[in-house]
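**Q** no sequence for this one, just the structure:
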């Protein structure tokens, strides 16, 4: 393995090494603060190592990995998100877990899986990354095994994820049988030479892969696990599932879609179009009936992935840009929203009920402002990242004249406003003075790192909403390598 | 720079009011007054500076403008500019903003700092809407008005506030998104023709459009503005929102938010899509007339005072819609005057009803009556404002409605005849309002304090302006002249027959 390769793999190696170091540290002595600090440092190091890795862009590392601008961008995004989750988790775990240290090991391995997905250019790497991510998540989701719903959520995820992996594998096998390669680039060559109608194997394989990926993205009709898992998992893990896990699969999907030359296949594009529409409607309509904040956010995330797929269907360079921007906005926003859920949660149970947020603005204004910003961003109101994201997606859709899709998107946006407002109303409803004082007295403690993470997320959220120029510029520079 | 300052002062004032609340509620109120006062003075300075020139600038020129790149990848810039029409509306905004602060001085007692934060931010959004010349920026401000207004209704409103606030938000948000689609459509069509990506209004003007897309784009804009205006049948959010909002909220909703819709029609729909708008004009005028009559009839039937005033807005804004789409000099002048006079008279009426509600804790017309002897000053002012609303000569509204009708008569005599019935109905509801509130027997034996000096001062300021506009409307017409001249030119350029 040449130096170049090592440099290119440095981010992966850093995260993996951090995982090992934490593992050893836990074996020697259990110390929550120390382990958390190690994780933060390791992830920050991985972020820094991207700079080193960028010196060898673009390069192919073995048959499995590719390092390009696109990958660098997504890796930075995912590592940043993991860092935020780790920061938020500290205060959360500190007050309720006896053995919180293993959480970080699992978090690191899940992150490693996500990074592998981003860098993969080969079905083998894809599968490795996906399994690394999923297996870590099984354990993370059921981390608080004694709590109601945690094991149920973990098992549900385990069974469905295993089934979807089987679909994925079978799809890969079919494509391999027809094209004789597992590498994306060569697949593209093979696909170009093929005539769509005659190749049942390829189409069936693609359909099965769509199912597998659809499950990971939690888009309708593969979304059934989402609300239960979101509800049962500890709040920081929910944040991770909603952001890093989905983000890495989106990164992979875009790469696969464009680098493996899938996008000219009309049937696949139509399938994604239908999935997008179904996700938007299912997510938004079902979210209307939720009284549980975690479930509400779960359904809203289904809808948001639907919006993102609209950009994908639009095709062309603008599509990748729009999808990427939308994903960044979505991740920042979702982390902010779940961050507040994490912090508001009390020792014995997560803050799920709508009632837990009643009058939050008058009790803990700072958290309420962040949650408000996050909800407005999810609803796509200006001054927030979500608005620019939605704008970008609409622009991509209109440029490709997908009028039906964009109008459905607009209708869904209007529906979604209703349930975000419902939560906002609760946050701002007035409380009697004495009740405020009473509640303020019992406010659960929370860590400085959590504070810092939330503050940075809020700044990012508003900054991207007001001045997205630098990010748009960066995205244009980096995702161009996909073409 | 002065344009940026106008907005920034409001934004900063809002934050400051929120922070200063901890020293006492009056700090927040005075901060708001000072911020609005400075802005009002700046606005007036702008007028004085360009006095004499304002009516003479050639159509399409700006009194002041500023343009900075914002998101150059999409051709989006921070482009603010002011012309006569914007200047008038911006001044109206600051003036009514001050009135709103005065009107809520004693009404709002909880979370005063946060209230004024929201108030000033709504106003900042409104000013932004009146100044923005970049369509992306315009949409940005358009939506920025929404959230603080929503909070004002939802937190400080009356009984059914949450329902009203959510309805208001969803109506405007959904229609706003349609406008965003239309904006993007226009953006890409312009790019196809010129190869330039831009959201700049001045560049998008005159983009060659054609069916089948262009009527839809026009409708996208039109629907967003028609919801705000509001045009029947898209008005259903208005009675709820106006009724449930606190006084300041109602004043701003009726006095300013509705005007953003009218402004949008004048600034964007007609200049960007002249041909489509011309084709659509008869339908729009008919809808305007329907609004005039419908609003007036429903206002007559209301027993809730605030609802009554709310429906009069629907009726009066029908005149604006009629005037804009009658599309000739007189009608346009009338529409602009109506925008301003309705803002003042309805704003005043809402303050009056707010004052009544604060004293009596009811807005039910059936329980009122005989108040003249108890609160004569309130009654006197109510009388003047009601007369303004029904269009009594000598007050601004009369001139406005008269001009609209004269202009519209050239475009469509029949519609005008029907619209004129609205004036009769207006007399009916205005007199009913006065009679049931101030005259007749006092069934409940109300005994309450009269208006305070502060309220009197605020009301007097509005009435003075209304009388001034009634006697010398030329001042306003001159200022808006060049902008309206541009619209007139469009009609001429397209070779359309004088209507």
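**A** In hand now; what should we look at? These numbers were taken from a predicted model, which means no experiment stands behind them. Numbering: from 1, shown residues only, chains lettered A, B, ... in the order given.
**Q** ok, stretch B:120-133 near chain A or not?
**A** No. If you take Cβ under 8 Å from any Cβ of the partner chain as the test, stretch B:120-133 misses chain A, and the best it gets is 9.3 Å. (C-beta placed from N, C-alpha, C; glycine too.)
**Q** in that stretch, what's buried?
**A** Going by neighbour count (16 or more other Cβ atoms under 10 Å in any protein chain shown), the buried part of stretch B:120-133 is B:120-133.
**Q** among these, which one sits closest to residue B:409?
**A** residue B:130 (29.9 Å; Cβ to Cβ).
**Q** was I right to think the closest one contacts residue B:91?
**A** No. Contact criterion Cβ atoms under 8 Å: residue B:130 and residue B:91 do not qualify, at 9.9 Å.
**Q** tell me which two of the buried residues of stretch B:120-133 sit farthest apart.
**A** Most distant of those, by Cβ to Cβ, are B:120 and B:133, 22.8 Å apart.
**Q** helices or strands next to the host helix or strand of residue B:320 in the packing?
**A** Element membership of residue B:320 [criterion: DSSP states H and E] is helix B:305-326. With contacts defined as 3 or more Cβ pairs under 8 Å, 6 or more residues apart in numbering or on different chains; DSSP states H and E, helix B:305-326 has these neighbours: helix B:237-244, helix B:247-252, helix B:258-264, helix B:274-301, helix B:329-360, helix B:396-411, helix B:413-438.
**Q** residue of the stretch 1-150 of chain A closest to chain B, please.
**A** Proximity of the stretch 1-150 of chain A to chain B (Cβ to the nearest Cβ) peaks at residue A:73, 16.0 Å away.
**Q** what about that residue, how many neighbours?
**A** Using other Cβ atoms under 10 Å in any protein chain shown, residue A:73 is surrounded by 22 other residues.
**Q** identify the residue nearest it in space, chain neighbours excluded?
**A** Excluding the flanking residues, the one nearest residue A:73 by Cβ to Cβ, 6 or more residues apart in numbering or on different chains is residue A:478, at 4.0 Å.
**Q** can you list contacts of the helix or strand containing the one you found?
**A** In the assignment (DSSP H and E), residue A:478 maps to helix A:469-479. Here helix A:469-479 makes contact (Cβ atoms under 8 Å, 6 or more residues apart in numbering or on different chains) with A:69-70, A:72-73, A:317, A:320-321, A:324-325, A:328, A:464, B:70-74.
**Q** one more time with 10 Å
**A** Under the contact criterion Cβ atoms under 10 Å, 6 or more residues apart in numbering or on different chains, helix A:469-479 has outside partners A:54, A:57, A:68-74, A:76, A:254, A:258, A:317, A:319-325, A:328-329, A:385, A:388, A:392, A:460, A:463-464, A:468, B:69-74, B:76.
**Q** and residue A:194, what pLDDT?
**A** According to the prediction, residue A:194 has pLDDT 61.
**Q** which secondary element of the chain has the worst mean pLDDT?
**A** As the question left the chain open, I've gone with chain A. For chain A, counting by mean pLDDT, DSSP states H and E, helix A:433-441 ranks last in confidence among helices and strands (a mean of 57).
**Q** actually, chain B is the one I wanted.
**A** Within chain B, no helix or strand scores below helix B:474-493, which has a mean of 82 by mean pLDDT, DSSP H and E.
**Q** chain B contacts on the stretch 1-150 of chain A?
**A** Residues of the stretch 1-150 of chain A lying close to chain B by Cβ under 10 Å from any Cβ of the partner chain: none are found.
**Q** so where do the helices sit in the stretch 1-150 of chain A?
**A** Taking DSSP state H, counting those that start in this stretch as the test, the helices found in the stretch 1-150 of chain A are A:3-28, A:32-53, A:69-94, A:101-119, A:123-141, A:150-179.
**Q** what residues of the longest one count as buried?
**A** For helix A:150-179, burial by neighbour count (16+ other Cβ under 10 Å) applies to A:150, A:153-154, A:156-158, A:161, A:164-165, A:167-168, A:170-172, A:174-175, A:178-179.
**Q** moving C-terminal of that helix, what's the next helix or strand?
**A** helix A:184-193.
**Q** after that next one, which helix or strand is next? Please name it.
**A** helix A:200-217.
**Q** give the other helices and strands that the next helix or strand after that next one contacts.
**A** Next along the chain after helix A:200-217, taking DSSP H and E as the criterion, comes helix A:226-232. Contacts defined by 3 or more Cβ pairs under 10 Å, 6 or more residues apart in numbering or on different chains; DSSP states H and E place helix A:226-232 against helix A:123-141, helix A:150-179, helix A:235-240, helix A:266-287, helix A:293-314.
**Q** let me have those in a markdown table, extended by mean pLDDT.
**A** Output for the helices and strands packed on helix A:226-232, formatted as a markdown table (pLDDT from 0 to 100):
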| stretch | mean pLDDT |
| --- | --- |
| helix A:123-141 | 94 |
| helix A:150-179 | 91 |
| helix A:235-240 | 94 |
| helix A:266-287 | 92 |
| helix A:293-314 | 93 |
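**Q** need the contact list for the closest residue to residue B:141 other than its chain neighbours.
**A** Leaving out its chain neighbours, the residue that sits closest to residue B:141 by Cβ to Cβ, 6+ apart is residue B:128, at 3.2 Å. Going by Cβ under 10 Å, 6+ apart, residue B:128 touches B:3, B:6-7, B:10-11, B:80, B:137-138, B:140-142, B:144-145, B:260.
**Q** tell me which of these fall in strands.
**A** The strands, defined by DSSP state E, take in residue B:80 from the contacts of residue B:128.
**Q** the contacts of residue B:128 into JSON lines, with extra columns for distance to residue A:28, neighbour count and pLDDT?
**A** JSON lines is the format used below for the contacts of residue B:128 (distance: Cβ to Cβ, whole Å; neighbours: other Cβ atoms under 10 Å in any protein chain shown; pLDDT from 0 to 100):
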{"residue": "B:3", "distance to residue A:28": "64", "neighbour count": "25", "pLDDT": "89"}
{"residue": "B:6", "distance to residue A:28": "64", "neighbour count": "25", "pLDDT": "91"}
{"residue": "B:7", "distance to residue A:28": "59", "neighbour count": "21", "pLDDT": "93"}
{"residue": "B:10", "distance to residue A:28": "59", "neighbour count": "27", "pLDDT": "93"}
{"residue": "B:11", "distance to residue A:28": "54", "neighbour count": "19", "pLDDT": "94"}
{"residue": "B:80", "distance to residue A:28": "63", "neighbour count": "27", "pLDDT": "92"}
{"residue": "B:137", "distance to residue A:28": "58", "neighbour count": "23", "pLDDT": "94"}
{"residue": "B:138", "distance to residue A:28": "62", "neighbour count": "24", "pLDDT": "94"}
{"residue": "B:140", "distance to residue A:28": "55", "neighbour count": "24", "pLDDT": "92"}
{"residue": "B:141", "distance to residue A:28": "59", "neighbour count": "21", "pLDDT": "93"}
{"residue": "B:142", "distance to residue A:28": "60", "neighbour count": "25", "pLDDT": "93"}
{"residue": "B:144", "distance to residue A:28": "55", "neighbour count": "21", "pLDDT": "89"}
{"residue": "B:145", "distance to residue A:28": "59", "neighbour count": "25", "pLDDT": "90"}
{"residue": "B:260", "distance to residue A:28": "66", "neighbour count": "24", "pLDDT": "93"}
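**Q** closest to chain A out of the contacts of residue B:128?
**A** The shortest approach to chain A among the contacts of residue B:128 belongs to residue B:140, at 4.6 Å (Cβ to the nearest Cβ).
**Q** pretty sure that closest one contacts residue A:382?
**A** Yes. Between residue B:140 and residue A:382 a contact is recorded at 4.6 Å, counting by Cβ atoms under 10 Å.
**Q** what touches both of the two?
**A** Listed as contacting both residue B:140 and residue A:382 by Cβ under 10 Å, 6+ apart are A:388, A:391, A:465, A:466, B:125.
**Q** residue A:277: which of those is nearest?
**A** residue A:391 (20.0 Å).
**Q** how much space between the closest one and chain B?
**A** 7 Å (Cβ to the nearest Cβ, to the nearest Å).
**Q** what about residue A:55, neighbour count?
**A** By other Cβ under 10 Å, the residues close to residue A:55 number 10.
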